[in-house]
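Novice: show me how the following folds:
(one chain, ligands or ions: 2)
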Amino acid sequence: MTIARALTIAGSDSGGGAGIQADLKTFTVLGVYGMSALTAITSQNTLGVHGIYNLPLEAIEKQIDAVVTDIGVDAAKTGMLSQVPIIELVAAKIRQHTIPNLVVDPVMVAKGGARLLEDSAQQALITKLIPLAKVVTPNLPEAEVLTGREIRSVEDMKDAAKRILDYGAQTVVVKGGHLAGDAIDIVYDGQMFEELRSARIETRHTHGTGCTFSAAITAELAKGKNVMDAVKVAKEFITCAISDSLELGGGHGPTNHWAYGRRNQA
Ligand SMILES: Nc1ncnc2c1ncn2[C@@H]1O[C@H](COP(=O)(O)OP(=O)(O)O)[C@@H](O)[C@H]1O
Ligand SMILES: Cc1ncc(COP(=O)(O)OP(=O)(O)O)c(N)n1
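Specialist: Numbering: from 1, shown residues only. Ligands and ions are numbered 1, 2, ... in the order given. Here you go, the predicted structure:
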């Protein structure tokens, strides 16, 4: 049996709601073989991030080399890459192995407020990684940092998408989870804008929404979907996952990665 292969290059969330754990669950539910290259270990739960331990560059490099040279990769995503040398290494490895279908989730701050990207590394994300991206998926605060502009409306989101595309990404998805009202994501490929809209689900259990969304795009690209179709599946996937989110822990519980598969079986 052949199967599409997806790689996540990201941090570990011990609580299982975000990071590598969310990515691998998403890959599995979408029928894709998942692989991982850990960049950092976080001690994390639904209440927040309690510790961050970046891995040595050699460990990150060897994980990527090991899976790419043996198993192969149809699509990959990046998540938490907290320091300049890690971003530079990952960008160099993506170029060296010509890893296709790269989704860059420019992770900066976790929901509880912990910084997962050092301020000094913001520029490296813009100049080294985003130009390699088939899709880049900033949330509103990330898009504000990347563009240096406030975003308060859908029009502002479109303007930010244009500016981020100019950094060299092929498609930009500005996620609207942090805006009031409907959850509207703006997709821009340099030619046209598409608005993906869903009703806002009133829940505090949204830990890991961004990781799960970008992992779903990656899984669908690995299967050979085009970008717009992949993003549409990801929007449905995350909407189901939030609708049926899990009341675990005392803070922001995780989304439900199984909800999309169950709905499609019903
Ligand atoms: N309360 C919500 N109801 C419905 N969709 C949401 C909600 N919160 C986030 N989303 C959707 O989840 C995805 C991730 O967005 P967002 O939460 O902004 O990312 P991040 O986790 O990176 O901050 C987007 O498709 C967004 O529209
Ligand atoms: C290890 C790790 N990576 C990324 C994140 C951020 O995940 P995100 O999907 O943006 O969700 P929230 O943390 O904002 O709920 C993380 N927390 N941990």
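
Novice: my read is residue 125 is in a strand, agree?
Specialist: No - assigned with DSSP: H, G, I helix; E, B strand; the rest coil, residue 125 falls outside any strand and is helix.

Novice: what's the closest non-adjacent residue to it?
Specialist: residue 106 (5.5 Å; Cβ to Cβ, 6 or more residues apart in numbering). All C-beta atoms are positioned from the backbone trio N, CA, C, and that covers glycine.

Novice: hmm, the one you found is touching residue 136, no?
Specialist: Yes - between residue 106 and residue 136 a contact is recorded at 6.4 Å, counting by Cβ atoms under 8 Å.

Novice: who has more neighbours, the two?
Specialist: residue 136 (31 against 25; other Cβ atoms under 10 Å).

Novice: returning to what we had before: which residues are common contacts for residue 106 and residue 136?
Specialist: When contacts are counted by Cβ atoms under 8 Å, 6 or more residues apart in numbering, residue 106 and residue 136 have residue 130 as shared neighbours.

Novice: which parts of the stretch 101-250 of the chain sit against ligand 1?
Specialist: Contacts of the stretch 101-250 of the chain with ligand 1, taken as Cβ under 6 Å from any ligand atom, map to 139, 175-178, 183, 185, 198, 200-201, 206, 209-210, 213, 235, 238-239, 242.

Novice: mind checking which of those are in helices?
Specialist: 209-210, 213, 235, 238-239, 242 (DSSP state H).

Novice: where exactly do the strands run in the stretch 151-266 of the chain?
Specialist: According to DSSP state E, counting those that start in this stretch, the stretch 151-266 of the chain carries its strands in the segments 171-174, 183-188, 193-198.

Novice: export those to a markdown table and tack on mean neighbour count?
Specialist: Below are the strands of the stretch 151-266 of the chain laid out as a markdown table (neighbours: other Cβ atoms under 10 Å):
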| stretch | mean neighbour count |
| --- | --- |
| strand 171-174 | 29 |
| strand 183-188 | 20 |
| strand 193-198 | 15 |
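
Novice: and residue 59, what helix or strand is that in?
Specialist: Per DSSP states H and E, residue 59 falls inside helix 57-70.

Novice: helices and strands around that helix, which ones?
Specialist: Contacts defined by 3 or more Cβ pairs under 8 Å, 6 or more residues apart in numbering; DSSP states H and E place helix 57-70 against strand 5-13, strand 33-45, helix 84-96.

Novice: now the angle between strand 33-45 and that helix, please.
Specialist: 160 degrees (axes from the mean of the first three to the mean of the last three Cα atoms, to 10 degrees).

Novice: so who does the residue nearest to residue 125 touch?
Specialist: 117, 125, 129-130, 136-138, 142, 146.

Novice: contact partners for residue 257?
Specialist: 22, 25-26, 29, 212, 241.

Novice: returning to what we had before: grab the two from the ones in helices among the residues of the stretch 101-250 of the chain next to ligand 1 that are most spread out in space.
Specialist: Longest distance between any two of those is 13.8 Å, between 210 and 239; criterion Cβ to Cβ.

Novice: more neighbours, those two?
Specialist: residue 210 (24 against 21).

Novice: thought residue 223 was touching residue 27?
Specialist: No - shown here, residue 223 and residue 27 do not form a contact pair, counting by Cβ under 8 Å, at 10.5 Å.

Novice: with neighbour numbers in mind, choose between those two.
Specialist: residue 27 (27 against 18).

Novice: ok, now how distant is the more buried one from residue 95?
Specialist: Using Cβ to Cβ, to the nearest Å, residue 27 is found at 23 Å from residue 95.

Novice: how many other residues sit next to the nearest residue to residue 201 once chain neighbours are set aside?
Specialist: The shortest distance from residue 201 to any residue other than its chain neighbours is 4.9 Å, reached at residue 242 (Cβ to Cβ, 6+ apart). For residue 242, the count of nearby residues is 22 (other Cβ under 10 Å).

Novice: what's the answer for residue 88, then?
Specialist: Neighbours of residue 88 using other Cβ under 10 Å come to 17.

Novice: quick one, what contacts it?
Specialist: Per Cβ under 8 Å, 6+ apart, neighbours of residue 88: 124, 128.

Novice: give me the pLDDT value at it.
Specialist: Listed pLDDT for residue 88 reads 98.
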